[in-house]
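Colleague: Quick one: sequence plus predicted model below, questions after.
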Amino acid sequence: MSEMKKEVIDVFQRVEDKYPMTKAQARELLEAMKDHITEDAYFRYTVRSVYFDNDDSQLVIRSLMKPKYKMKLRLRCYGEPEGNTPVFLETKKKYGDIVYKKRIQLSEEEAEDYIGCGIMHHVQNNTASEIDYLMNYYNLSPKVYIAYDRQCYSSRSERDVRITFDYNVRYRLDNVDLHEYGSEEQLTDDDTVIMEVKAMDRYPMWLVRLLSERKMYRQSFSKYARIYSLNQNEMNPQHSDAYAYNAISQKEKMLCSVQY
């Protein structure tokens, strides 16, 4: 995906629910959904993201505590960034069950100059101002690179429903940019697939039925939070309150799955 030709949406407000499963379960569910979905215009691609945090990993620790409101800032591209490939600097906020995303589109060079040197880019709007405020207020810098291979489907009958399947989730804590160097660590094993349902309002009944029949329930699965849980000493060596951190981790593990 070297070029983005379809309309770019810069503001999102929707439900985003994750369903970890095996490859066999994903194949069986896709077969059951085949009359209700179609391959998206961009069906198969790699998502590459850089997540930002401060030296104390404040944003990810707050996320692990499961607050009603939480926020992330990330740089994202779809496919290998090269030439005129657009990259997106975006905020992702969650209040209750609703996810709010706002983003600006930059060239990779602009993004690197802004993140590394503080050189302002060409975008001047409210979203750009908010991102700049967050960068400075939290003293954010690139913290982790995350990539995964995605297959994307759209509902045939509901324009606002998209279903994605993420495979081969990997990450890197050094040389954190949008490129892949072959030194990434695996976050999920080869048999794990993360299905995500994105909907503006509510699930269509056909999807509710298929998930209920298979006893599939949404689960908390934050890629960045899980990476931090595995690499706390490296990502936050000055974090001394081990008791509080362990309590946060246990809270994540014990969180009950809730059927949508």
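Modeller: Received, thanks.

Colleague: CA only for contacts and neighbour counts going forward, please
Modeller: OK.

Colleague: which one is residue 46 nearest to, not counting chain neighbours?
Modeller: residue 149 (4.4 Å; Cα to Cα, 6 or more residues apart in numbering).

Colleague: Same check on residue 77?
Modeller: residue 87 (4.7 Å).

Colleague: ok, the one you found - contacts?
Modeller: 75-78, 81, 105-108, 111 (Cα atoms under 8 Å, 6 or more residues apart in numbering).

Colleague: okay, it: pLDDT?
Modeller: On the pLDDT scale, residue 87 is placed at 96.

Colleague: which residues of this protein fall in strands?
Modeller: Taking DSSP state E to define them, one finds strands in the chain at 11-22, 37-53, 69-78, 87-95, 98-106, 141-155, 162-172, 185-186, 192-199.

Colleague: Now do the nearest residue to residue 128 once chain neighbours are set aside against residue 90, distance only.
Modeller: Spatial nearest neighbour of residue 128, excluding adjacent residues (Cα to Cα, 6+ apart): residue 104 at 6.6 Å. With distances taken as Cα to Cα, to the nearest Å, residue 104 is found 6 Å from residue 90.

Colleague: coming back round to it: so can I have a markdown table of the strands of the chain showing distance to residue 224?
Modeller: What follows is these, written out as a markdown table (distance: least, Cα to Cα, whole Å):
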| stretch | distance to residue 224 |
| --- | --- |
| strand 11-22 | 14 |
| strand 37-53 | 8 |
| strand 69-78 | 10 |
| strand 87-95 | 13 |
| strand 98-106 | 16 |
| strand 141-155 | 8 |
| strand 162-172 | 9 |
| strand 185-186 | 13 |
| strand 192-199 | 14 |
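
Colleague: how deep is residue 70 tucked in, by neighbour count?
Modeller: By the criterion of other Cα atoms under 10 Å, residue 70 has 18 neighbours.

Colleague: wait, it sits on residue 63?
Modeller: Yes: with contacts counted by Cα atoms under 8 Å, residue 70 reaches residue 63, the gap being 6.0 Å.

Colleague: related to what we said a few turns ago, need the contacts of residue 87 in TSV (columns: pLDDT, neighbour count and distance to residue 143).
Modeller: Shown next, in TSV, are the contacts of residue 87 (pLDDT from 0 to 100; neighbours: other Cα atoms under 10 Å; distance: Cα to Cα, whole Å):
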residue	pLDDT	neighbour count	distance to residue 143
75	98	25	11
76	97	25	13
77	96	23	16
78	94	23	19
81	88	20	19
105	96	21	21
106	96	19	20
107	94	17	20
108	94	22	17
111	96	21	15
